[in-house]
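K.L.:
Here is my input, please return the structure:
(2 chains)
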Amino acid sequence: MSTTAIAPRQTAASRVTKASTTVTTALSDTASVAWRNLLTQLRTPQALVFATIQPVIFVLLFRYAFGGAIHVPGTNYVDFLMPGIFAQTVAFGAVGTAVGLSGDLRTGILVRFRALPMARIAVLGGRTVADLARNLLVVAVMIGVGFAAGFRSPRGAGGLLAALGLVIAFGYAISWGFASLGLRVSDPEAAQAAAVPVLFLLVFTSAAFVPSTAMPGWLQAFGTHQPVDALVNAERALILGGPAAHDVLISLAWSGGLLVVFALLASRTYARMGR
Amino acid sequence: MRKAFGGVQALDGLSLAVPTGSVLGLLGPNGSGKTTTVSILATLLRPDAGRAIVAGLDVVTQAARVRQVIGLAGQFAAVDPNLTGRENLRLIGRLSRIGRSQARVRADELLDSFGLSAAAGRLVRGYSGGMRRRLDVAAALLHRPAVLFLDEPTTGLDPESRFALWDSVRDLARSGTAVLLTTQYLDEADALADQVVIIAEGRVADTGAPAELKARFGTVLFSLDFGRPEAARAAHAALASAGYRPQRDGAGIQVRSATGSGELTSVLRVLDGRAPDPVSVAVREPTLDDVFLSLTRGGEAA
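P.N.:
Purely as a prediction, here's the structure:
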């Protein structure tokens, strides 16, 4: 009698222990893989440099070449522009996740990882975490570039930091989307070619560089109902001022939703490799 | 085991067994199914049909536990070129669940035993092909696997690196590891394997100890070149009537010998006066190609 009563409790306890071991293992393996990816990125700085050059060119183009012709009522164009640049930076930066994973697929490191008794989530977790760190670095550089171009973040450091939090969260979520892509193509260039048109569409139909009100109705309908636009609006509310809560919630909902969907999709792709 | 990719049947009912502490050589030409076999056994691929047991564990239903007892190295499993040798081994050690401090200890042990201590702090992208392969094998050994898969470990290596790697494999087998080695080279299987399985088109074509296989296919081959097909035809007839089993390919004749290179004298004596003198004569060891040709031509072994 007592044995039957005790047995399930022991099982439950050991199950809890086992689950917490699994979580610890997954975290430590993710940290190991992230460390490896960061070292690799630091030792091949070309990728990092190119990730920075593109948004810098966009700042120069839009601030100085097009900016004079774009009129945004009530604010300096550069203050309007920089939130768009931050969003664009992490959106295009996420391509790095696909390129990195497809590179690992091609070189055979992924095969080694898949034959190790490591936590399965760590390959994707370690990649996206390292890419998040890279995003932080590149966004920090872009703040510097913005300030040099006259950006003054009218609502101060608090608003700017909160906005950057949203930017990083969005970048992390779409990084998982690109993880799926990277696992499917073992050619980094193909991964890039597949990703860039979609990003262009999302970034340029959003209010990242010009107010949506200048777009025709049918384009507005698409452009204002997608995650990049939600992010840019929330950033502007935090950086330029105005009621922010609603836009921030919408952006967080997008990022959270995309993270869940993309993470499930990428994990499934990884688990099904070799079937 | 069976496995198909698209319409191509890569494995078509393949069976094999590797006892503990022994080396099984899996021989076959490109596309014969060697890598597919290793991939299934290392839990990287699922078989369409059939079962594989590694160290008592089923590779499909107990894949996670199989990964704890296997090591995989070879042509398609890589090390990271942007890490140093030591960093690679420590990383793989940590991911092999042996703990951080043990990963450090094992990494240094293995770097030492594979002759990589001096290069341990250098980035792998600056390593030679031989050093990279040795690191690759070392990376498969951090958690002291009971079963080691080596997929064409010496392809493209210079002779010295090749022999060094062979020594390491022998040591591992002596220490109780079951080794499954795939190779395209008969001499490699000969040097290392206790048992050899020859596969072709996803099936076992022949199996046995290297000595048995060699006896069956002859220890040496005489290649005689007559310059003209008619001369070769005459030589073929003469040798066949003397009880040899020559194979003619254009102006060339191949004769297998079970006894050794000394038999060349008897072969030439048979030809004396019955066929023109050969333009050139070569004595060589049978290669995998020869074995395959014999197998595909109905096993007409000497």
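K.L.:
Wait, A:G182 touches A:V95, no?
P.N.:
No: with contacts counted by CB atoms under 8 Å, A:G182 stays clear of A:V95, the gap being 9.2 Å. C-betas here are computed from N, CA, C, even on glycine.
K.L.:
between those two, which one's more packed in?
P.N.:
Each of A:G182 and A:V95 has its neighbours counted (other CB atoms under 10 Å in any protein chain shown); A:G182 has more, 30 against 25.
K.L.:
Which strands or helices does the strand or helix carrying the more buried one pack on?
P.N.:
Take DSSP states H and E as the rule and A:G182 turns out to sit in helix A:156-184. Where contact means 3 or more CB pairs under 8 Å, 6 or more residues apart in numbering or on different chains; DSSP states H and E, helix A:156-184 is packed against helix A:77-93, helix A:95-107, helix A:122-148, helix A:188-205, helix A:227-240, helix A:245-271.
K.L.:
Which one, of the ones you listed, ends up nearest to A:L60?
P.N.:
helix A:122-148 (8.7 Å; CB to CB).
K.L.:
if we can go back for a sec, in JSON lines, list the helices and strands packed on helix A:156-184 along with distance to chain B and mean pLDDT.
P.N.:
What follows is these, written out as JSON lines (distance: least, CB to the nearest CB, whole Å; pLDDT from 0 to 100):
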{"stretch": "helix A:77-93", "distance to chain B": "19", "mean pLDDT": "94"}
{"stretch": "helix A:95-107", "distance to chain B": "5", "mean pLDDT": "89"}
{"stretch": "helix A:122-148", "distance to chain B": "7", "mean pLDDT": "95"}
{"stretch": "helix A:188-205", "distance to chain B": "15", "mean pLDDT": "88"}
{"stretch": "helix A:227-240", "distance to chain B": "32", "mean pLDDT": "95"}
{"stretch": "helix A:245-271", "distance to chain B": "11", "mean pLDDT": "95"}
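K.L.:
Those helices: which one's closest to B:D194?
P.N.:
Relative to B:D194, the nearest member of the helices and strands packed on helix A:156-184 by CB to CB is helix A:95-107, separated by 33.0 Å.
K.L.:
in the stretch 51-200 of chain A, what residue is nearest chain B?
P.N.:
Closest contact between the stretch 51-200 of chain A and chain B, by CB to the nearest CB, is at A:G108 (3.5 Å).
K.L.:
Any idea what the residue nearest the centre of chain B is bridged to?
P.N.:
With distances taken as CA atoms, centre = their mean, B:T183 lies nearest the centre of chain B, 1.9 Å away. Taking DSSP bridges as the rule, B:T183 bridges to B:L27.
K.L.:
wait, it sits on B:L157?
P.N.:
No: the pair B:T183 / B:L157 is not scored as a contact, 11.6 Å apart, by CB under 8 Å.
K.L.:
State the distance from the residue of chain B found nearest chain A to A:R236.
P.N.:
Ranking the residues of chain B by distance to chain A (CB to the nearest CB) places B:A78 first, at 3.5 Å. From B:A78 over to A:R236 the distance is 46 Å, taken as CB to CB, to the nearest Å.
K.L.:
so where's the stretch 101-250 of chain B uncertain?
P.N.:
Scanning the stretch 101-250 of chain B with the threshold set as pLDDT under 70 gives B:215, B:217-219.
K.L.:
on that earlier part again, just give the closest residue to the residue of the stretch 51-200 of chain A closest to chain B, not the sequence neighbours.
P.N.:
B:A78 (3.5 Å; CB to CB, 6 or more residues apart in numbering or on different chains).
K.L.:
repeat for B:Q195
P.N.:
Going by CB to CB, 6+ apart, B:Q195 has B:L24 as its nearest residue, at 5.2 Å.
K.L.:
What secondary structure category should be reported for the one you found?
P.N.:
Following DSSP: H, G, I helix; E, B strand; the rest coil, B:L24 is assigned to strand.
K.L.:
That one reaches B:V179, doesn't it?
P.N.:
Yes: if you go by CB under 8 Å, B:L24 and B:V179 touch, sitting 7.1 Å apart.
K.L.:
Quick check: neighbours shared by the two?
P.N.:
In terms of CB atoms under 8 Å, 6 or more residues apart in numbering or on different chains, B:L24 and B:V179 are both contacted by the residues B:V18.
K.L.:
the strands in chain B, which residues?
P.N.:
Shown for chain B, the strands assigned by DSSP state E span residues B:2-5, B:8-12, B:23-27, B:53-54, B:57-58, B:70-74, B:147-151, B:178-183, B:195-200, B:203-208, B:220-225, B:247-249, B:252-257, B:280-284.
K.L.:
got TSV for the ones you listed, with distance to A:P45 too?
P.N.:
Shown next, in TSV, are the strands of chain B (distance: least, CB to CB, whole Å):
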stretch	distance to A:P45
strand B:2-5	39
strand B:8-12	41
strand B:23-27	42
strand B:53-54	42
strand B:57-58	44
strand B:70-74	30
strand B:147-151	33
strand B:178-183	38
strand B:195-200	46
strand B:203-208	50
strand B:220-225	55
strand B:247-249	56
strand B:252-257	57
strand B:280-284	52
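K.L.:
Let me know which of those strands is the nearest to A:A163.
P.N.:
strand B:70-74 (46.3 Å).
K.L.:
quick revisit: any common contacting residues for A:G182 and A:V95?
P.N.:
Contacts common to A:G182 and A:V95, judged by CB under 8 Å, 6+ apart, are A:A191.
K.L.:
Helices of the stretch 1-150 of chain B, start to end?
P.N.:
Applying DSSP state H, counting those that start in this stretch to the stretch 1-150 of chain B gives helices spanning B:34-41, B:63-69, B:85-95, B:100-113, B:129-139.
K.L.:
Is it possible to get a markdown table of those that adds distance to chain A and mean neighbour count?
P.N.:
What follows is these, written out as a markdown table (distance: least, CB to the nearest CB, whole Å; neighbours: other CB atoms under 10 Å in any protein chain shown):
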| stretch | distance to chain A | mean neighbour count |
| --- | --- | --- |
| helix B:34-41 | 7 | 25 |
| helix B:63-69 | 4 | 18 |
| helix B:85-95 | 4 | 25 |
| helix B:100-113 | 9 | 17 |
| helix B:129-139 | 7 | 22 |
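K.L.:
Out of these, which gets nearest to B:A275?
P.N.:
Within these, the stretch nearest B:A275 is helix B:34-41; the backing value is 40.7 Å (CB to CB).
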